[in-house]
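> sequence and computational prediction follow.
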Amino acid sequence: MDGRVFGLDLQLGFDVICQAICIFLLFFLLSYILYEPVKKILRDRQEKIRQELASAAADMEEAGKLREDYENKLKDINQEADRILAESRKKALKKEEEIILQAKEEAARIIARANAEVEMEKKKVKDEVKTEMIAIASMMAGKLIAEAVDAKKQEALIEETLREMGDQTWLSE
């Protein structure tokens, strides 16, 4: 050997060129076999991520709309509940008024019936008083006949009987 670290000769140059060509061919071959599919996978992944982001944004927008619709419906439901409660209160007040009116009518009927019974009782008492007066008059007549009193005594007895019964009894027919 010449004392050189490596011999720079034609063989070395040829080997270097062959190795460079092989590396270059290997690079192109491997880039075609490996790099392009990996690059395609990365592009597909980027596109998928872009689509997922767009889908997520659309979903977020739709969720916002649904939330707004939900809140509007909730407001409507609250208003509907308030309206139903107001109607129920009105119906309850109306029913209460009807019940009170019915109770007043019933009370008026009861009072009218009681007044009618009182009037009937008054008539009955009047009839009984008249019957009693007739009985007393009959008894008096019997006594008068039995005693055969004179006219003055008879008038005194009639006057006394009338005073006992009172003038009102005869006038309230």
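Thanks, I have the structure now. Numbers count the residues shown, from 1 in each chain.
> distance from the chain centre to stretch 60-80, please.
Between the mean C-alpha point of stretch 60-80 and the mean C-alpha point of its chain there is a distance of 22 Å (Cα atoms, centre = their mean, to the nearest Å).
> mind listing what's buried in that stretch?
By neighbour count, with 16 or more other Cβ atoms under 10 Å as the criterion, stretch 60-80 contains no buried position. C-beta coordinates here come from the backbone N, C-alpha and C atoms, glycine included.
> any stretches of this protein with poor pLDDT?
Low-confidence segments of the chain (pLDDT under 70): 1-7, 144, 146-150, 166-173.
> quick one: list the elements packing against the biggest helix by length in it.
In the chain, taking DSSP state H as the definition, the longest helix is helix 36-147. For helix 36-147, the helices and strands in contact under the criterion 3 or more Cβ pairs under 8 Å, 6 or more residues apart in numbering; DSSP states H and E are helix 151-165.
> list the buried residues in the helix it packs on.
By neighbour count, with 16+ other Cβ under 10 Å as the criterion, the buried positions of helix 151-165 are 154, 157.
> what angle sits between that helix and helix 36-147?
Helix 151-165 and helix 36-147 are oriented at 160 degrees to each other (axes from the mean of the first three to the mean of the last three Cα atoms, to 10 degrees).
> for helix 151-165, what is the distance to the chain centroid?
On the basis of Cα atoms, centre = their mean, helix 151-165 is displaced by 82 Å from the centre of the chain it belongs to.
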